[in-house]
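Engineer: Provided below are the primary sequence and the corresponding predicted coordinates.
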There are 2 protein chains.
Amino acid sequence: MDATRIKEFAAEFDPQPFHLDETAAEASIFKGLAASGWHTAAVAMRLLVTGGLPLADGLIGFGGEISWPRPTRPGDVLHVESEVVEIRPSRSKPNQGIVTIQGTMLNQNGDAVYLLTAKLLVSRRTT
Amino acid sequence: MDATRIKEFAAEFDPQPFHLDETAAEASIFKGLAASGWHTAAVAMRLLVTGGLPLADGLIGFGGEISWPRPTRPGDVLHVESEVVEIRPSRSKPNQGIVTIQGTMLNQNGDAVYLLTAKLLVSRRTT
């Protein structure tokens, strides 16, 4: 995570002082510059997509649960660990299925900064 | 939503063909260029922050649930409707509370494109 990109992302999508300015961030609950949680979420998506979770149609989510147990900071080096926790046929569409994945993004100290449980749409193999 | 910004966001955070290229998107389940769901989520955050939900400390979320009932498209004009659904004291920190908000982002046709239920950290008033 890079301080300049943290501030740029925040200026576009989450213009709050603790994401935009070091001094204001020091005085906030974050006690220092913190990335927008949506920036963190977007970086996790990049890691999931470029990490190559092997789904033929790509990663097409229709929803999920997210949490940010701690902020991400300038200089943080992040990686994602993900797991498929459920695969089931769609009830309404016989050619589709739903894959549930759980992902955890960790920083360089091994602390979880972002948790994601997402439901993904997949095509069913034709038999 | 702007086609150029949709592709730029996707190139940085969600580089999948249906978010990057009109022709590839036509051939995908989206049947046309669609914004990354994380781009959609980030735009909703901008609308929530700039719309001025009246929380003294800003919008500091620690988690929530999200869903994307339909894609957002180039040319879409989006707005968010939000509601405070719960306010409760923190169990562990007497000076803090948790506000739950529900937000719905709609396009120009009144179709919901994004649903968010988020838990926000707030300071309790000193009595």
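Structural biologist: Structure's in. What do you need?
Engineer: A:Arg46: neighbouring residues, count only.
Structural biologist: The tally of other residues near A:Arg46 (other CB atoms under 10 Å in any protein chain shown) stands at 19. In short, each C-beta sits where N, CA and C put it, glycine included.
Engineer: so how far is B:Thr4 from it?
Structural biologist: Distance, A:Arg46 to B:Thr4, by CB to CB, to the nearest Å: 19 Å.
Engineer: residue contacts, the spatially most central residue of chain A?
Structural biologist: Against the mean C-alpha coordinate of chain A, by CA atoms, centre = their mean, the closest residue is A:Ala41 at 2.9 Å. A:Ala41 makes contacts with A:66, A:114, A:116, B:38, B:41, as judged by CB atoms under 8 Å, 6 or more residues apart in numbering or on different chains.
Engineer: in which helix or strand does the closest residue to the fourth one other than its chain neighbours reside?
Structural biologist: Spelled out, that is B:Trp38. Leaving out its chain neighbours, the residue that sits closest to B:Trp38 by CB to CB, 6 or more residues apart in numbering or on different chains is A:Ala42, at 4.6 Å. Take DSSP states H and E as the rule and A:Ala42 turns out to sit in helix A:37-50.
Engineer: list the buried residues for that helix?
Structural biologist: Across helix A:37-50, burial judged by 16 or more other CB atoms under 10 Å in any protein chain shown covers A:37-49.
Engineer: which one of these is nearest to B:Thr23?
Structural biologist: Comparing the buried residues of helix A:37-50 against B:Thr23 with CB to CB places A:Val49 closest, at 19.5 Å.
Engineer: right, and that closest one touches B:Pro15 too?
Structural biologist: Yes. With contact defined as CB atoms under 8 Å, A:Val49 reaches B:Pro15; the gap is 5.9 Å.
Engineer: okay, now the sheet partners of the helix or strand where A:Gln102 lies, with direction.
Structural biologist: Applying DSSP H and E as the criterion places A:Gln102 in strand A:96-106. Take DSSP bridges as the rule and strand A:96-106 pairs in its sheet with strand A:79-89 (antiparallel), strand A:112-123 (antiparallel).
Engineer: coming back round to it: which element follows the helix holding A:Ala42 toward the C-terminus?
Structural biologist: Counting by DSSP H and E, the next helix or strand C-terminal to helix A:37-50 is strand A:61-67.
Engineer: now do the buried residues in that next one.
Structural biologist: Going by neighbour count (16+ other CB under 10 Å), the buried part of strand A:61-67 is A:61, A:63-67.
Engineer: widest-spaced pair of those residues?
Structural biologist: Taking CB to CB as the measure, those reach their widest spread between A:Gly61 and A:Ser67, a distance of 15.9 Å.
Engineer: starting at the chain centroid, how far to stretch A:114-127?
Structural biologist: With CA atoms, centre = their mean, to the nearest Å as the basis, stretch A:114-127 stands 16 Å off its chain's centre.
Engineer: buried stuff in it?
Structural biologist: Neighbour counts using 16+ other CB under 10 Å place A:114-122 of stretch A:114-127 among the buried residues.
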